[in-house]
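Engineer: Pasting a predicted model and its sequence here:
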Amino acid sequence: DFNVDKVEKKERRRNAPLPYTTSSLQQDAANKINFRTRKTMMVAQQLYEGINLGSGAQGLITYMRTDSLRISDEAKKAAADYILSAYGESYLPPTPRVYKTKKNAQDAHEAIRPSMPELTPEQVKSSLTTDQYKLYRLIWERFIASQMADALMDTVSVDIDADNCLFKASGSTMKFDGFTVLYEET
């Protein structure tokens with residue numbers, strides 16, 4: 001015999017990820033695409049310096065040595081335009097996202113992001129090496145996701161009493177996928 005002592009239902013919000021700083025890019029590149037720190041920075045340098053896209057060399061990302069989370073208004077607008085056209089209005093947050101940089105951060109550069117957010121990884125894939133494509137895709141997806149709406153989850157937790165033992169069970173279902181439609185954190 002068992003008794004259900006407590007059932008608790010909640011809505012949980014998963015916040016969109018922060019844009020990349022140097023350290024968060026290195027950690028994600030190690031976890032998601034198995035790049036060592038040195039390789040991540042070498043490939044990021046190539047993407048920053050420029051890739052020949054047919055009409056001359058074009059820098060695909062902003063400077064990769066930064067601890068700032070600041071994003072330019074132009075980049076926010078370009079990301080919002082892409083999100084609106086690709087996913088619809090429900091995937092845009094009510095107001096553009098502004099991230100606070102830590103107190104001791106040097107705010108000389110923006111967060112690491114695509115220099116032209118409208119250039120998707122698939123559009124430039126043929127001009128990139130495999131490693132460049134993997135890193136550009138990681139940076140592009142994280143930046144676009146950082147400008148998207150939060151994900152919403154419906155959660156349920158249950159306390160069950162069985163033979164003087166307490167069992168806890170919990171689960172969740174996706175209510176609105178938000179940024180997770182594009183980017184999943186590890």
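Structural biologist: Received it, and whenever you're ready, just let me know what you need.
Engineer: Let's check: the centremost residue of this protein is which one?
Structural biologist: residue 142 (2.9 Å; C-alpha atoms, centre = their mean).
Engineer: list the buried ones in the helix or strand it falls within?
Structural biologist: Using DSSP states H and E, residue 142 sits in helix 130-146. Residues of helix 130-146 classed as buried by neighbour count (16 or more other C-beta atoms under 10 Å): 131-146. (Each C-beta comes from the backbone N, C-alpha and C, glycine too.)
Engineer: show me what contacts the residue nearest to the centre of the chain?
Structural biologist: Neighbouring residues of residue 142 by C-beta atoms under 8 Å, 6 or more residues apart in numbering: 17, 19, 20, 28, 183.
Engineer: Serialize these to TSV and add fields for pLDDT.
Structural biologist: Putting these into TSV (pLDDT from 0 to 100) gives the following:
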residue	pLDDT
17	94
19	94
20	95
28	95
183	91
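Engineer: Now the buried members of these.
Structural biologist: Neighbour-count burial (16+ other C-beta under 10 Å) is assigned, among the contacts of residue 142, to 17, 19, 20, 28, 183.
Engineer: Cross the residues you listed against helices and list the overlap.
Structural biologist: Members of the buried ones among the contacts of residue 142 lying in helices (criterion: DSSP state H): residue 28.
Engineer: Which parts of the helix or strand just after the helix holding residue 142 count as buried, going by neighbours?
Structural biologist: The element immediately downstream of helix 130-146 (helix or strand, assigned by DSSP H and E) is strand 151-162. Neighbour-count burial for strand 151-162, counted by 16+ other C-beta under 10 Å, picks out 151, 153.
Engineer: I figured residue 87 was touching residue 178, is that so?
Structural biologist: No - with contacts counted by C-beta atoms under 8 Å, residue 87 stays clear of residue 178, the gap being 9.5 Å.
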